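>>> Mind looking at a prediction? Sequence and model below.
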Amino acid sequence: MGRSNFLSFSPPMLGDEEVNSVASVLKASEWLSSGPKTKEFEEQFAKTVGAAAAVALNSCTAGLHLGLVVHGVKPGDEVLTTPMTFCATANVIEHCGGTTVLADVESDTLLIDPKQVEKKISKKTKVIVPVHYAGHPCEMDKINSIASGAGAKVMEDAAHCMPSKIGERWIGSGDNLCAFSFYATKNMTTGEGGMLSGPQELVDKCRMMALHGMSKGAYDRFKKGGNWNYDVPQPGYKYNLTDIASALGLVQLVRLDELYRLRVKLVEFYDKAFKNSPWLETLRVKPGYQSSYHLYPIFLNLEKLRIDRDEFIVQLTERNIGSGVHYRPVHMMSYYQKKYGWKAEDFPVASRAFERMLSLPLSSRHTVEDAADVVQAVEDIFQKFKR
């Protein structure tokens, strides 16, 4: 017996605490844009991950862009990243006028392969941008070492993280700039939003660039004792986060451990159900690493099926199960194909993974009963379309 209602891929987990926190800003605060709530959110986030400093932004993309800007990426500079990521990771390189260079991924984690990084790095490499895919941290010690030897900087794309760790160290606690996402489908959300953590000096530069390049933000100018006077040492952008969104983020941050435990329960259910399946493979979590389990991708053994990945998704939808594909690799996007002439065979691991992959429903809001419905639908499709 299948589901009677559609199971959304990744709905947010929100409760009265979030509603009341946002309402308190709307009802009682005299400030809606970046103000005291945003400052509190930044401080609490930095404290949670063990970062020296953090600046709240309207997206992870903004954080990635600002990081490249303060690292001085300009035309002629190469920025090395992974093909297995959302297009924003590469887009911001293009926005800066940099040259996008891709290094293929590991087959069992889809994380950027340090061996491929060593092959692709050059004297022109200004920044390496590893992506902690699905919430599993990259091998940062190796990547940082490669970058240091080449005189390059490292900026981490941690859009899928919270809470992700290497050993006991949170992603975001190191010396690299690290960009997080609080988009609607993320493990903790502000609807739209992000955070950039890192060393105080770099974060301060990003903070100024996030608000038009102004030396002083609006709240500091208009609050009691503030001063209207400001300068613009460098033209910046409009990337700040609002107090409304920060009020939501503060509650989600407090609930992070609870939200994570709920995700882990579903992941364990999926892992047990699919452990010995001949029809699919799942990603590996390396010993000593904590994944945030932002995604639960599966990889179909297409040679055993009479349908391809896209038809498999159609079949899931007919059974009221939502899903996603994360991601169409960067080298398969038309802009990048036209500019760089990339072909699927240039990045064989990412290309092969894309053909087989889809992400199953996973969120803190889903129940084990929901996961059981997903497993039932998946198994039903396998039986119906097996060779």
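Done, it's in. Residues are numbered from 1 along each chain as shown.
>>> Would you list the phi and psi of V105?
phi -110, psi 170 (degrees, to the nearest 10).
>>> Just the CA coordinates for stretch 273-282, please, in CSV.
Taking Å, rounded to 0.1, in the frame of the first residue of the first chain, the C-alpha atoms of stretch 273-282 are listed here in CSV:
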residue,chain,number,x,y,z
ALA,A,273,17.4,-1.2,4.5
PHE,A,274,19.9,-0.8,1.6
LYS,A,275,22.9,-2.4,3.1
ASN,A,276,22.9,-5.5,0.9
SER,A,277,20.9,-4.2,-2.0
PRO,A,278,22.1,-5.4,-5.4
TRP,A,279,20.3,-2.5,-7.0
LEU,A,280,22.1,0.5,-5.6
GLU,A,281,25.1,1.9,-3.8
THR,A,282,25.4,4.6,-1.2
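>>> Contacts for that stretch next, please.
270-271, 296-301, 304-305, 371, 375, 378, 382, 386 (C-beta atoms under 8 Å, 6 or more residues apart in numbering). Every C-beta, even on glycine, is put in place using the N, C-alpha and C of the backbone.
>>> Just the buried ones from these?
Y270, Y296, P297, I298, F299, L300, L305, A371, V375, V378, F382 (16 or more other C-beta atoms under 10 Å).
>>> show me where the protein has strands.
53-57, 78-81, 99-102, 125-129, 153-158, 165-166, 169-170, 177-181, 194-198, 280-282, 289-290, 297-300, 357-359 (DSSP state E).
>>> Now find how far off-centre the fifth one is within its chain.
In this case it means strand 153-158. Here strand 153-158 is found 11 Å from its chain centre; the criterion is C-alpha atoms, centre = their mean, to the nearest Å.
>>> from here on, count from 28
OK, 28 is where the count begins now, so the last one is strand 180-185.
>>> For the nearest residue to G199 once chain neighbours are set aside, list the residues it contacts.
Excluding its sequence neighbours, the residue lying closest to G199 (C-beta to C-beta, 6 or more residues apart in numbering) is V76, at 3.8 Å. V76 sits next to W197, I198, G199, S200, S224 when contact means C-beta under 8 Å, 6+ apart.
>>> Farthest-apart pair in the contacts of stretch 300-309, please.
K331 and A398 (23.1 Å; C-beta to C-beta).
>>> tell me which of the buried ones among the contacts of stretch 300-309 is nearest to I170?
Nearest to I170 among the buried ones among the contacts of stretch 300-309, counting by C-beta to C-beta, is P324 at 21.8 Å.
>>> what's near enough to touch the closest one?
Residues in contact with P324 (C-beta under 8 Å, 6+ apart) are L137, A161, T309, L310, H353, M384, L385, S386, L387.
>>> Which of the residues in stretch 174-191 are classified as buried?
Those would be 174, 177, 179-191, for stretch 174-191 by 16+ other C-beta under 10 Å.
>>> so which of the residues you listed would you say is closest to F113?
Taking C-beta to C-beta as the measure, F113 sits nearest to A186 out of those, at 7.0 Å.
>>> follow-up on the earlier one: how about a markdown table for the strands of the chain, with mean pLDDT added?
Listed next are the strands of the chain as a markdown table, based on pLDDT from 0 to 100:
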| stretch | mean pLDDT |
| --- | --- |
| strand 80-84 | 98 |
| strand 105-108 | 99 |
| strand 126-129 | 99 |
| strand 152-156 | 99 |
| strand 180-185 | 99 |
| strand 192-193 | 98 |
| strand 196-197 | 98 |
| strand 204-208 | 98 |
| strand 221-225 | 98 |
| strand 307-309 | 98 |
| strand 316-317 | 98 |
| strand 324-327 | 98 |
| strand 384-386 | 98 |
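>>> now those in CSV, with distance to T344?
Converted to CSV, the strands of the chain look like this (distance: least, C-beta to C-beta, whole Å):
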stretch, distance to T344
strand 80-84, 34
strand 105-108, 32
strand 126-129, 31
strand 152-156, 34
strand 180-185, 30
strand 192-193, 35
strand 196-197, 37
strand 204-208, 26
strand 221-225, 30
strand 307-309, 18
strand 316-317, 32
strand 324-327, 16
strand 384-386, 11
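>>> from the buried residues of stretch 174-191, which is closest to E145?
A177 (9.2 Å).
>>> T152 is in contact with that closest one, correct?
Yes - using C-beta atoms under 8 Å, A177 is in contact with T152, at 5.8 Å.
>>> can you dump the C-alpha coordinates of stretch 127-134 into CSV?
C-alpha atoms of stretch 127-134 as CSV (Å, rounded to 0.1, in the frame of the first residue of the first chain):
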residue,chain,number,x,y,z
THR,A,127,37.6,27.9,-13.2
VAL,A,128,39.7,24.7,-12.9
LEU,A,129,38.0,21.4,-11.9
ALA,A,130,39.5,18.4,-10.2
ASP,A,131,37.6,15.1,-10.3
VAL,A,132,36.1,13.5,-7.2
GLU,A,133,36.5,10.2,-5.2
SER,A,134,34.1,7.6,-6.3
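>>> As a check, name the ranges of all helices in the stretch 28-177 of the chain.
Taking DSSP state H, counting those that start in this stretch as the criterion, the stretch 28-177 of the chain carries its helices at 43-55, 63-76, 87-97, 114-122, 141-147, 167-177.
>>> Buried deepest among these, which one?
With neighbours defined as mean count of other C-beta atoms under 10 Å, those peak in mean count at helix 87-97, which reaches a mean of 26.
>>> re the thing from before, need the max-distance pair from the buried residues of stretch 174-191.
A177 and P190, at 30.5 Å, using C-beta to C-beta across those.
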